[in-house]
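[1] mind folding the following:
(chains A and B)
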Amino acid sequence: MLSDHTVSILIFAGIDVIMALSFYLPASAGQLSAGQGGFMALGAYASAYLTVHHGAPFPLALAAGALVGGLVGLAVGFPALRLRGLYLVLVTFGFGEMVRVLFLNAPAFGGPAGFAGIPPATTIWYVLGLLVVLVYFFTRVSGSRMGRAFAALRDDEAAAEAMGVNATYVKLVAFAAGGVIAGLGGGLYAHYTLFIDPEAFGVGRSLFVMLYAVFGGLASFWGAVAGAAILSILPELLRWVKDWREILYGLLVLIMMLVRPQGLLDAALLARLSARGERAAARG
Amino acid sequence: MSEPLLAVDRLSRSFGKLVVLAGLDLSVEAGGIHAIIGPNGAGKTTFFNLVTGALSPDGGRIRFGGSDIAHLPAYRRTALGICRTFQNIRLFGSMTALENVLLGLHCRTRGGLLAPLLGVPFRRSPGEVAARERAVAVLETVGLAAKAHQSAVELPYGEQRRLEIARALASAPRLLLLDEPSAGMNPLETLELEALITQVNRRGVTILLIEHKMSLVMRLSKIVTVLNFGQKIAEAAPAEIQHDPRVIEAYLGS
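    You can find the predicted model right below:
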């Protein structure tokens, strides 16, 4: 069996993968969010509040956290409709900070002292189960009508609209879905760490989530999965270098982005891998 | 007399102090091939952008199939049956040829974000299968079925132009706007394009064509409108337009 330590690493890595997917979904429609930590905070606080103060069953609390993330994602999507690129990054960054400050000043949620006494409920099976569902969801979406509309918006918004895509609607769906996934990640996180405070969901969190997806490559959701898994497990593998760990981590990321700015899994590599898969399937 | 398919009244649009369209009146009868010519900067592409909804007009009316569409968003106009190609090719770069055509089917198909979760796992939904069949059929009409799974932007130039037409055709337009479809094509590609436009028109799609190659305009169109400085300066059958002194002056200068 796996040691507790290993299980803990896997659970945090799994949550990081879920968060990276929450960034990837709107990004696949060309909407870059630097505020996924904010959605994660909403999911974490909302679900923890329900289990602690209302004795809600964990699955229900998790779903409620996802719902809050989705609704707020919809609300953030509206101002984001008029913004593009760097401006959108700035607005979503501002949103993330707003959520952090909001919880900092909310006594009902513990304020700066944090929110403690959350019952342990997140297990490796919850994390793996949700990951399987999400991976299935993303494989299905990528070859679907909505998945293509996302890709069309990212490639050329004006051409997508001319071809009949309702850009407003599609962007709002992408933002809301990203919020739902981040909300799920937050709920899982809260019921594993058992203590949350606003600082856990700040700018650093949002930026790491973005880094995971970009490091892995934005050509496919597999990039987000691979990027988050590698970058969240890597520090554990680097423990032997002790004090040099953070520097080495940063250096590896830097080298990687210099060598493969398009990310680990780019379109060419994905095409090669899927061609090999099809050949193997044909032989088998 | 029946109402024209597209009727534009006193359409105007400026960019800052630059008046690009100054009260343009233009009607397109259903069923034909209607060409728009004029010197660079005459307002031809702006006119297309106003009709398709990429830009909104400063004033004037746009009626399509009897209803006012001047203030509808672009995607609603596509659903009503107006689709276009672009002067500078704008295919979706991350997609294959087939996927580009499938995107053209967007407004003729249904299914939201969660739809793909329903149905048999690891099997394409019946809707998706039907959409793919339609898309392949559209690719066949432009002769690109064999290239369905190639990256759209890696196709040769002439094929990219044909693929853009296929993508627009997938949306089942009643009015197809082609913005300089022969630009950059060699004589052989231009001939193939001519045959394709004729074939599409015979299937009942009305065509509005911006084109600089006069030989193509002369052979294809039933009626030619000449724009200059945002206004219509002449409109007639192609044979007459060539000898119109106003047209000669617009092109050659007085």
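[2] average model confidence for stretch B:238-253?
    In this model, stretch B:238-253 has an average pLDDT of 83.
[3] what comes up buried for it?
    The neighbour-count check on stretch B:238-253 (16 or more other Cβ atoms under 10 Å in any protein chain shown) flags B:P238, B:I241, B:D244, B:V247, B:A250 as buried. For every residue, glycine as well, the C-beta is placed using N, CA and C.
[4] surely B:L144 is in contact with B:N100?
    No. Here B:L144 lies out of contact with B:N100, judged by Cβ atoms under 8 Å, at a distance of 10.0 Å.
[5] those two: which is more packed in?
    B:N100 (30 against 23; other Cβ atoms under 10 Å in any protein chain shown).
[6] for chain A, see how far away the more buried one is.
    9 Å (Cβ to the nearest Cβ, to the nearest Å).
[7] can you tell me the element that residue falls in?
    B:N100 is part of helix B:97-104 when elements are defined by DSSP states H and E.
[8] cool, B:A131 as well?
    Using DSSP H and E, B:A131 maps to helix B:126-141.
[9] give the closest residue to B:A135 in space, chain neighbours not counted.
    B:V101 (4.2 Å; Cβ to Cβ, 6 or more residues apart in numbering or on different chains).
[10] er, A:I9 actually
    In space, A:I9 is closest to A:E236, 5.3 Å off (Cβ to Cβ, 6+ apart).
[11] likewise for A:V101?
    A:P198 (7.6 Å).
[12] helix/strand/coil for the single nearest residue of chain A relative to chain B?
    Using Cβ to the nearest Cβ, A:G164 is the residue of chain A that sits closest to chain B, at 3.2 Å. Three-state call for A:G164 (DSSP: H, G, I helix; E, B strand; the rest coil): coil.
[13] give the contact list for the residue in the stretch 101-250 of chain B that chain A sits nearest to.
    When scored by Cβ to the nearest Cβ, the stretch 101-250 of chain B has B:C107 as its residue closest to chain A, at 3.2 Å. Contact analysis of B:C107 by Cβ atoms under 8 Å, 6 or more residues apart in numbering or on different chains lists A:M163, A:G164, A:V165, B:Y75, B:T78, B:A79, B:S171.
[14] quick check, B:L24 in a strand?
    Yes. Under three-state DSSP, B:L24 falls within a strand.
[15] and for it, the neighbour number?
    Residues lying near B:L24 (other Cβ under 10 Å) number 23.
[16] and what of A:G202?
    A:G202, neighbours per other Cβ under 10 Å, totals 19.
[17] phi, psi for it please.
    Per-residue torsions, A:G202: phi -80, psi -160 (degrees, to the nearest 10).
[18] not counting residues beside it along the chain, what's closest to it?
    Using Cβ to Cβ, 6+ apart and skipping residues adjacent in sequence, the residue nearest A:G202 is A:R100, 5.1 Å away.
[19] check B:S221 too.
    Residue nearest to B:S221 in three dimensions, not counting chain neighbours: B:A35, with 3.8 Å by Cβ to Cβ, 6+ apart.
[20] could you count how many residues lie near A:L211?
    Residues lying near A:L211 (other Cβ under 10 Å) number 17.
[21] please apply the same query to B:V136.
    Residues lying near B:V136 (other Cβ under 10 Å) number 15.
[22] so it makes contact with B:A146?
    No. Applying Cβ under 8 Å, one finds B:V136 not in contact with B:A146, separated by 10.5 Å.
[23] could you identify the helix or strand that succeeds the strand or helix carrying B:E240?
    If you go by DSSP H and E, B:E240 is part of helix B:238-241. Next helix or strand after helix B:238-241 toward the C-terminus (DSSP H and E): helix B:245-252.
[24] what packs against that following helix?
    strand B:223-228, strand B:231-236 (3 or more Cβ pairs under 8 Å, 6 or more residues apart in numbering or on different chains; DSSP states H and E).
[25] residues in contact with A:G65?
    The contact partners of A:G65, taken as Cβ under 8 Å, 6+ apart, are A:L42, A:G43, A:A44, A:A46, A:S47, A:L50, A:G183, A:L184, A:G186, A:G187, A:A190.
[26] picking that back up, and the helix or strand just after the helix holding B:A131, what's buried?
    Once the chain leaves helix B:126-141, the next helix or strand it forms, by DSSP H and E, is helix B:157-170. Using 16+ other Cβ under 10 Å as the burial criterion, the residues of helix B:157-170 that qualify are B:158-170.
[27] does B:L175 have beta-bridge partners, and which?
    With DSSP bridges as the criterion, B:L175 is bridged to B:I82, B:T206.
[28] per-residue confidence at it?
    B:L175 is assigned a pLDDT of 98 by the prediction.
[29] how many neighbouring residues does residue 206 have?
    Unless you meant another one, I'm taking chain A. 29.
[30] ah, no, chain B please
    Per other Cβ under 10 Å, the neighbour tally for B:T206 reads 23.
[31] a strand runs through A:P119, doesn't it?
    No. With three-state DSSP as the criterion, A:P119 is coil rather than part of a strand.
[32] for A:S47, see how far away it is.
    A:P119 sits 11 Å away from A:S47, going by Cβ to Cβ, to the nearest Å.
[33] so which of the two has more stuff around it?
    Neighbours were counted for A:P119 and for A:S47 using other Cβ under 10 Å; A:S47 has more, 34 against 14.
[34] host element of the more buried one?
    For A:S47, the element it lies in under DSSP H and E is helix A:36-54.
[35] which helices and strands sit right next to that helix?
    helix A:4-28, helix A:58-80, helix A:85-104, helix A:167-193, helix A:203-216.
[36] what residues of that helix count as buried?
    Neighbour-count burial for helix A:36-54 [16+ other Cβ under 10 Å]: A:36-52.
[37] give me the distance from that helix to the chain's centre.
    The chain centre lies 15 Å from the centre of helix A:36-54; the measure is Cα atoms, centre = their mean, to the nearest Å.
[38] tell me which parts of the stretch 1-150 of chain B are close to chain A?
    With Cβ under 8 Å from any Cβ of the partner chain as the criterion, the stretch 1-150 of chain B comes near chain A at residues B:52-54, B:73-75, B:78-79, B:83-84, B:86, B:90-95, B:99, B:102-104, B:106-113, B:115-117, B:121, B:124-125, B:127-128, B:131.
[39] so which of those residues sit within strands?
    In strands, defined here by DSSP state E, the members of the residues of the stretch 1-150 of chain B next to chain A are B:C83, B:R84.
[40] for ChimeraX, what selects the buried ones among the residues of the stretch 1-150 of chain B next to chain A?
    Selection of buried members from the residues of the stretch 1-150 of chain B next to chain A for ChimeraX, criterion 16+ other Cβ under 10 Å:
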select /B:52,53,54,74,75,78,79,83,84,86,90,91,92,94,95,99,102,103,104,106,107,111,113,115,116,124,125,127,128,131
